[in-house]
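Trainee: Predicted coordinates and the sequence they were generated for:
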Amino acid sequence: MCLQDHTEQCPKSSSCFACVKASACCCMAFRSVSYSSYRCVARACLVAIMQRSMHFCPSLSSWSVGGPARLFSPLVPKSPGAPAAEDLPLMFYMPGIDGTGLAAYRQFPRLTRAFDLRCLIIPRTDRSTFEQLVEDVAALVKQELDQADAGRPVYLLGESFGAIMSMALAIKLGNYIDRLVLVNPASSFSNSIWPQAGPLLAQLPEDVYKLLPFALAPVMSNPISMAMNDVDDRAPLLQQGSDLMYGLIDLAPQLAALRLVLPPETLAWRLELLKQGSQWIRPRLKDVKQRVLVLSGEQDLLIPSKEEAEKLGKALPRARTKVLANRSHALLQEAGVDVVNILQSEGFYISERRMSNRRPSTSASDGGGASYGLARPIQLPTAKELELESSGFVSTINRLTSPVFYSTRADGRVVKGLSGVPVQQRPVLLIGNHQLFAGDMYPMIQEFIQELGVLPRGLAHPIVFAGPDALTAAGRQGGMVQSRSSTQQKKEDDRAGAAQFSSLLSTYGAVPVNGKNMHQLLAQGEIVLLYPGGAREAFKRKNEAYKLIWPG
């Protein structure tokens, strides 16, 4: 494997396994090898980088051992006709506590077909605090984005500790980041045994510490699933058995390499980083505004990832979760796991930014990934996201009301559907009147997206954005929530429901109603949806059916 570093020159020739250059340096013989050969070379490179970097390339040794955190690009062979990296969305991979950026190397061939990939490496001598590390990495990412072609979607892929880093970077970088993929997030660190047991591991005698990766292998991963990467299920059974055995043997040098990138003093500090990071991110989860997909291994024995995924699905404003059956903490290294396929099947992969005002994204920071609830352009959901996010609350309203849509064309003809609504010439101001409890708004937004491919930006009551407590109190006053919650759990459920309701509205374009927001949206070429009757019209009284209740 080849690593393309953006800051350091390597004096060695391109024939070594571990070659780092600012230009497109590569093992030339490696460019044309088959994928099965690629895996062998990748394993050799992993071990070479971790074990023998001093012999292969002295400057690489200092690159992987000392200095500040930095980014590198894995260079893998591509098939003829494959899109150029600069035409693909950008992805930044944030590693676990090993800090090498190579724990997901089995995913690199697939990731680089769909993304322009960068990986973070944290040298083992780095002793930055969590906040310092976030600042440094944010500067690296921002520098890369400012130099890259503008307007491409930007993903953060974070594994374990890297998931904490990804959430912190999303908060720090805001609209520079479009989407996050969190794999077995270590934000559950404080709920595991490792705050107590971890420091003891760093104090083990040297001879015992050498065996630690092997002792923890069944906890960190599923060795059989990892070894199955080397098995061709189309081969004869005898060949499959032989390949599985050699696959298990090949795991030994990879496990041994872990103690080189995580010597006792480095392990002790990385555990401290986990503690700092999990404590830092917990009260700030609501500030991660971007869309998030959380992947967790059902059989993660290292940390409670499945339970943490469920918590994050509720705490993060725009998160969805997927539990991968029979997968461990090291699921990215296991056979049968393809992150790109998962993103595509979940409707989470986008190749371009589709903005609500239909204007192209022209800079790295105007993607709107963190602009939900603000009077700025945001991205349209994918068809799969619209389907999944409409399957609960919105589908219930559809079943209760059975909405039918009609519109009037320019010639005065009334037609079924929304084709008569003039959405092509922007800006557009739509005026509506509320049905009881404002049940009309959600199906209508869905219909506009599905039929016309546009997202009206609703002007909503400010109480929607005032926080779950204020929204729950307003719901009680309006009779939508019970006046008294009988248990603490019921109160928490009410708050969670209010937060999800607010997130749903802002995800689909809503902003607080005021003249300034309406003017800004119209000036940006948006379709604005205004209900002059507001909350008063939504909470209709007796004998007010089908009446306009507008001020003035």
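Mentor: Arrived safely, thanks for sending. Numbers count the residues shown, from 1 in each chain.

Trainee: how near is residue 451 to residue 177?
Mentor: 30 Å (Cβ to Cβ, to the nearest Å). Heads up, the C-betas are built off the backbone N, CA and C, glycines and all.

Trainee: for residue 285, that is, sorry about that
Mentor: In this view, residue 285 and residue 177 are 15 Å apart by Cβ to Cβ.

Trainee: Could you check which of those two has the larger neighbour count?
Mentor: It is residue 177, of residue 285 and residue 177, that has more neighbours when counted by other Cβ atoms under 10 Å, with 29 against 18.

Trainee: any weak-confidence spans in the stretch 51-200 of the chain?
Mentor: 51-66 (pLDDT under 70).

Trainee: Now do the helices in it.
Mentor: Secondary structure of the stretch 51-200 of the chain (DSSP state H, counting those that start in this stretch): helices at 53-56, 58-65, 108-114, 130-147, 161-173, 194-201.

Trainee: Could you do the stretch 301-450 of the chain as well?
Mentor: Listed in chain order, the helices found in the stretch 301-450 of the chain under DSSP H, counting those that start in this stretch are 305-315, 339-345, 383-389, 393-401, 441-447.

Trainee: nearest to residue 269, of those helices?
Mentor: Residue 269 lies closest, by Cβ to Cβ, to one member of those: helix 305-315, at 22.9 Å.

Trainee: That closest one: which residues count as buried?
Mentor: Of the residues in helix 305-315, those buried by neighbour count under the rule 16 or more other Cβ atoms under 10 Å are 305-306, 308-309, 311-313, 315.

Trainee: Spatially, which residue comes closest to residue 188, not counting chain neighbours?
Mentor: The spatially closest residue to residue 188, leaving aside those adjacent along the chain, is residue 308, at 3.7 Å (Cβ to Cβ, 6 or more residues apart in numbering).

Trainee: Verify the contact between that neighbour and residue 183 for me.
Mentor: No: taking Cβ atoms under 8 Å as the contact criterion, residue 308 and residue 183 are not neighbours in contact, 11.4 Å apart.

Trainee: joint contacts of those two?
Mentor: When Cβ atoms under 8 Å, 6 or more residues apart in numbering defines a contact, the residues bordering residue 308 and residue 183 alike are residue 296.

Trainee: Just give the number of residues close to the closest residue to residue 268 other than its chain neighbours.
Mentor: Nearest residue to residue 268, sequence neighbours excluded (Cβ to Cβ, 6+ apart): residue 202, at 3.9 Å. By other Cβ under 10 Å, the residues close to residue 202 number 18.

Trainee: Kindly report the same for the one 5 residues further on.
Mentor: The criterion is other Cβ under 10 Å. On that basis, residue 207 has 7 neighbouring residues.

Trainee: ok, and it, which helix or strand is that part of?
Mentor: With elements taken from DSSP states H and E, the one containing residue 207 is helix 206-209.

Trainee: Check residue 529 too.
Mentor: strand 527-530.

Trainee: Quickly run through the sheet partners of that strand, with directions.
Mentor: Here strand 527-530 has these sheet partners by DSSP bridges: strand 428-431 (parallel), strand 457-460 (parallel).

Trainee: What lies in contact with that strand?
Mentor: The set of residues that contact strand 527-530 without belonging to it, under Cβ under 8 Å, 6+ apart, is 356, 423, 426-432, 441, 445, 448, 454-459, 513, 518, 521-522.

Trainee: among these, which ones are buried?
Mentor: When the contacts of strand 527-530 are checked for burial by 16+ other Cβ under 10 Å, the buried set is 356, 423, 428, 430, 432, 441, 445, 448, 454-459, 513, 518, 521-522.

Trainee: low-scoring stretches of the chain, by residue?
Mentor: 1-66, 211-233, 238, 240-257, 259, 467-498.

Trainee: center of it, which residue is that?
Mentor: Central residue check for the chain by Cα atoms, centre = their mean: the C-alpha nearest the mean position is that of residue 180, 1.4 Å away.

Trainee: how near is that residue to residue 286?
Mentor: Looking at residue 180 against residue 286, where the rule is Cβ to Cβ, the gap reads 14 Å.

Trainee: Please name the residues that touch the closest residue in space to residue 366 that isn't next to it in sequence.
Mentor: Taking Cβ to Cβ, 6+ apart, and ignoring the residues beside it in sequence, residue 366 has residue 175 as its nearest neighbour in space, at 6.6 Å. With contact taken as Cβ under 8 Å, 6+ apart, residue 175 is in contact with 365-371.

Trainee: now, which of the residues you listed lie within strands?
Mentor: Of the contacts of residue 175, none are assigned to strands by DSSP state E.

Trainee: Can you flag the buried ones in the residues you listed?
Mentor: Burial by neighbour count, judged by 16+ other Cβ under 10 Å, picks out 365-371 from the contacts of residue 175.

Trainee: Which element, helix or strand, includes the residue of the chain most remote from its centre?
Mentor: With distances taken as Cα atoms, centre = their mean, the residue sitting farthest from the centre of the chain turns out to be residue 543, at 48.6 Å. Under DSSP H and E, no helix or strand contains residue 543.

Trainee: Just give the nearest non-adjacent residue to residue 271, would you?
Mentor: Of all residues not flanking residue 271 in the chain, residue 198 sits nearest, at 4.2 Å (Cβ to Cβ, 6+ apart).

Trainee: Could you pull out the buried residues of the helix holding residue 207?
Mentor: Of the residues in helix 206-209, those buried (16+ other Cβ under 10 Å) are residue 209.

Trainee: what distance separates it from the centre of its chain?
Mentor: When distances are taken as Cα atoms, centre = their mean, to the nearest Å, helix 206-209 is centred 37 Å away from the chain's centroid.

Trainee: for stretch 508-524, same thing?
Mentor: The gap between the average C-alpha position of stretch 508-524 and the chain average comes to 27 Å, counting by Cα atoms, centre = their mean.

Trainee: Next: stretch 439-446.
Mentor: What separates the centre of stretch 439-446 from the centre of its chain is 27 Å, taken as Cα atoms, centre = their mean.

Trainee: For residue 143, the count of nearby residues, please.
Mentor: By other Cβ under 10 Å, the burial measure for residue 143, its neighbour count, is 12.
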